[in-house]
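no sequence on this one, just coordinates:
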């Protein structure tokens, strides 16, 4: 009976030993499995952190590129700011997850999903930058073309303006009279009203300036004004305000005094004109006469009075 009891105890001990061995093996397996899982999570975390750093560097570069498009218009500025804020928030969330010393599989999966969203947002931003860059290049090309066209147009306009000015000047000069038979004489009137030429200044009652207009079909028919300038022997313009004297602006912009204005009707045909002047004729010597039309000198004459 003692033999049977000993045999039973022996079997019990063997069973306990086997059970302990199984427990140890299970514990060892769980330990190794857990360590491997932790190692895998750690490696995945490092890999994700590297991806996150690369994406962050890309983001910083794209944000700098995007800055050059700010200030173009309010709508575009709002779009750029919103996209940058969205990506900055994603970056902050992911950085917060990686700040933990250890991450669970669930947290790692969440970080991986966030990084995928982050990468997608950066991709959208990159695409927008490329679109804006392309648009900007197209606008620059259009602006350059417009600038070239405008320069060409200005040159053409300037050339046409010069041609028009030249034509206008030709028409203006073509409208001037070509005076003929200009004569200046000192005269006095007899009792019967007949004019007599005299040479002595003491006898002179007035100067008679005579000329013929000649024909000019370019000049419009109608009232025509000529300006007579009489210069005494001292080189002074004889000017008397209450006798119609005034100031004339020449074609070159210079102002000169004139003695008398002569108005008459012109019919594009030759016409004889006589203008008289009787004031301030006291000094002996040469009296010069200049006739002006539209600021241009068109006739010269003189008389010597003793």
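Cool, got the structure. Note that the structure is predicted; figures quoted are calculated from it, not measured.

which residues in the protein form strands?
Per DSSP state E, the chain carries strands over the ranges 180-189, 195-198, 206-212, 222-231, 246-249, 255-258, 260-266, 272-277, 285-293, 296-305.

closest one to residue 150 among the ones you listed?
strand 246-249 (36.0 Å; C-beta to C-beta). Bear in mind the C-beta positions are built from the backbone N, C-alpha and C, glycine included.

So which other helices or strands are in contact with that closest one?
Applying 3 or more C-beta pairs under 8 Å, 6 or more residues apart in numbering; DSSP states H and E, one finds that strand 246-249 makes contact with strand 255-258.

Just the residues contacting the strand it packs on, thanks.
When contacts are taken as C-beta atoms under 8 Å, 6 or more residues apart in numbering, the neighbours of strand 255-258 outside the stretch itself are 227-229, 237, 239, 245-250, 292.

got it, and stretch 191-211?
179-190, 228, 230, 272-278, 281-284, 287, 289, 291, 299, 301, 303-306.

Between the two ends of it, what distance do you get?
Its first and final residues considered, stretch 191-211 spans 26 Å by C-alpha to C-alpha, to the nearest Å.

Quick one: mean pLDDT over stretch 212-219.
Average pLDDT, stretch 212-219: 88.

Report the buried residues of that stretch.
Within stretch 212-219, the residues scored as buried using 16 or more other C-beta atoms under 10 Å are 213, 216, 219.

outside of it, which residues touch it?
Contacts with stretch 212-219, where a contact means C-beta under 8 Å, 6+ apart, come from 171, 174-181, 266, 268-273.

among the residues you listed, who's most crowded?
Each of the contacts of stretch 212-219 was scored by neighbour count (other C-beta atoms under 10 Å); the top score is that of residue 177, with 24 neighbours.

That one contacts residue 293, correct?
Yes - the pair residue 177 / residue 293 is scored as a contact, 5.9 Å apart, by C-beta atoms under 8 Å.

returning to that earlier point: can you redo the buried residues of stretch 212-219 as TSV with distance to residue 258?
Compiled in TSV, the buried residues of stretch 212-219 are given as follows (distance: C-beta to C-beta, whole Å):
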residue	distance to residue 258
213	18
216	22
219	20
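
Identify, from the residues you listed, the entry nearest to residue 77.
Distance from residue 77 was checked for each of those by C-beta to C-beta. The minimum falls on residue 219, at 65.6 Å.

List just the nearest of the buried residues of stretch 212-219 to residue 136.
Within the buried residues of stretch 212-219, distances to residue 136 taken as C-beta to C-beta reach their minimum at residue 219, with 60.1 Å.
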